[in-house]
Structures are given as structure tokens and as C-alpha cells.
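>>> Quick one, what's the 3D model for this:
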Amino acid sequence: MDRKDILKVMENIYTSKEAAEYLGVGYSTLSIKKEEWKIPYVENGSRKLFTKDALDEFLHRKEKEILEEDEYTKYLKRELRRARWC
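Have a look, this model is predicted:
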């Protein structure tokens, strides 16, 4: 693996601080929630390293949850309107 390949791999590896910024959350929030959110990471000494793919997968899961929740909210509103007419 030459220097160019190593740099390319390193572009897709984030420290906790970089990962938090990428996700739009605070460093402390990511530190506390990473297990709950099931974001895979690797420990290098005391440092936690995240891959871009793992972060993107987390964002995709959260987006899907929001969309599903939104569909459920629409369903509840329809049922509520229907119940009012009965």
C-alpha cells in the first residue's frame, strides 16, 4: 500500500470530534450515545475511530426512522379525524 492509498483510506476515518461534527451533534453527545445509537467504532488506545460508511449508515437509519414515524403520525391523524366523525 503506497502513501496515496493510505491517504485515501484515512479520508474515510473520523476521530470522535470529526464524527460528531459530521453528524451535527456535540462531542459529548456522541461520546455518551455511540453505543445506544449502535454506531460501530474501533478503539485505538483511548481514541475512538469511526468510518464514514458507519456514520452514513447511522444517518440513513435515523432518516428511515423519522420517515416511518412521520407515516405513523399521518395514520394517527387520519384515525383521529375519522373518530371525530363517528
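>>> which ones are touching the closest residue to residue 34 other than its chain neighbours?
Nearest in space to residue 34, with sequence neighbours left out and distances taken as Cβ to Cβ, 6 or more residues apart in numbering, is residue 41 at 6.3 Å. Just so you know, the C-beta spots here come from the backbone N, C-alpha and C atoms, and that holds for glycine as well. Going by Cβ atoms under 8 Å, 6 or more residues apart in numbering, residue 41 touches 19, 34, 48, 49, 50, 54.
>>> Apply 7 Å and report the result again.
34, 48, 49, 50 (Cβ atoms under 7 Å, 6 or more residues apart in numbering).
>>> mind checking how far it is from residue 74?
Per Cβ to Cβ, to the nearest Å, residue 41 is found 35 Å from residue 74.
>>> Can you tell me which of the contacts of residue 41 has the most neighbours?
Neighbour tally across those (other Cβ atoms under 10 Å): the maximum, 24 neighbours, falls on residue 50.
>>> How much space separates residue 28 from residue 74?
Using Cβ to Cβ, residue 28 is found at 34 Å from residue 74.
>>> and if you look at residue 27?
Residue 27 is 36 Å from residue 74, by Cβ to Cβ.
>>> between these two, which one's more packed in?
Counted by other Cβ under 10 Å, residue 27 and residue 74 do not tie: residue 27 has more neighbours, with 14 against 10.
>>> per-residue pLDDT, that one?
Looking at residue 27, its pLDDT is 96.
>>> From what I see, it and residue 20 are in contact.
Yes. Using Cβ atoms under 7 Å, residue 27 is in contact with residue 20, at 4.6 Å.
>>> dump the residue contacts of the spatially most central residue of the chain.
Central residue of the chain (Cα atoms, centre = their mean): residue 58, 3.1 Å from the mean position. The contact partners of residue 58, by Cβ under 7 Å, 6+ apart, come to 37, 39.
>>> May I see the buried residues of the helix or strand harbouring it?
Using DSSP states H and E, residue 58 sits in helix 52-85. For helix 52-85, the neighbour count (16 or more other Cβ atoms under 10 Å) marks 54, 55, 58 as buried.
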